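Peer 1: Got a predicted model here, sequence first, then my questions.
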Amino acid sequence: MKYKRFGEDIVVRLEVGEEVVASLAEIAESEGVTFAEVSGIGAVDEFFVSVFDVKAKKYFDNDFREPLEIVSMSGTVTEQNGKPYLHLHASAGRADGTVIGGHLKRAVISATCELVLHTVYGRVTRFFDDATGLNLMDV
């Protein structure tokens, strides 16, 4: 993992075998990020995403192990219980041009991944909401 900070922005390059969510959490912790917007693209061969069923209040998991291109990744870094909390969504393209996606739980880089964290001055925390079954931003 390589990264540089340019004022409010952190530019990240992940390398083969690195995992996206864990790497971003590590950067957020070491750089003291309390609120940021995340965007990125890249190539992965393990892609674990979920879709939340509002009525059931649970995630349905999808685990893909094939060559994929992340065509879009976006989300936020906030805090929960004093630790970075990443809420990321991603879509990835298959060899046949179809796209899959959802709430990103895990993605392992197969070639490279380029990410930008745009930090925002301030702190946003999360709380568990019984009505939705989700960790919501406390704004």
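Peer 2: Sure, I can see it. Numbers count the residues shown, from 1 in each chain.
Peer 1: how many other residues sit next to residue 64?
Peer 2: Close neighbours of residue 64, defined as other CB atoms under 10 Å, add up to 17. Every C-beta, even on glycine, is put in place using the N, C-alpha and C of the backbone.
Peer 1: Report the buried residues of the longest strand along the chain.
Peer 2: With secondary structure taken from DSSP state E, the chain has its longest strand at strand 99-119. By neighbour count on 16 or more other CB atoms under 10 Å, the buried set for strand 99-119 is 101-105, 107-110, 113, 115, 117, 119.
Peer 1: Name the nearest of those relative to residue 8.
Peer 2: Set against residue 8, the nearest of these by CB to CB is residue 119 (5.0 Å).
Peer 1: ok so, going back, just curious, which of the buried residues of strand 99-119 is nearest to residue 67?
Peer 2: Taking the buried residues of strand 99-119 together and measuring to residue 67 by CB to CB, the closest member is residue 110, at 6.5 Å.
Peer 1: Spatially nearest residue to that closest one, not counting backbone neighbours?
Peer 2: residue 45 (3.9 Å; CB to CB, 6 or more residues apart in numbering).
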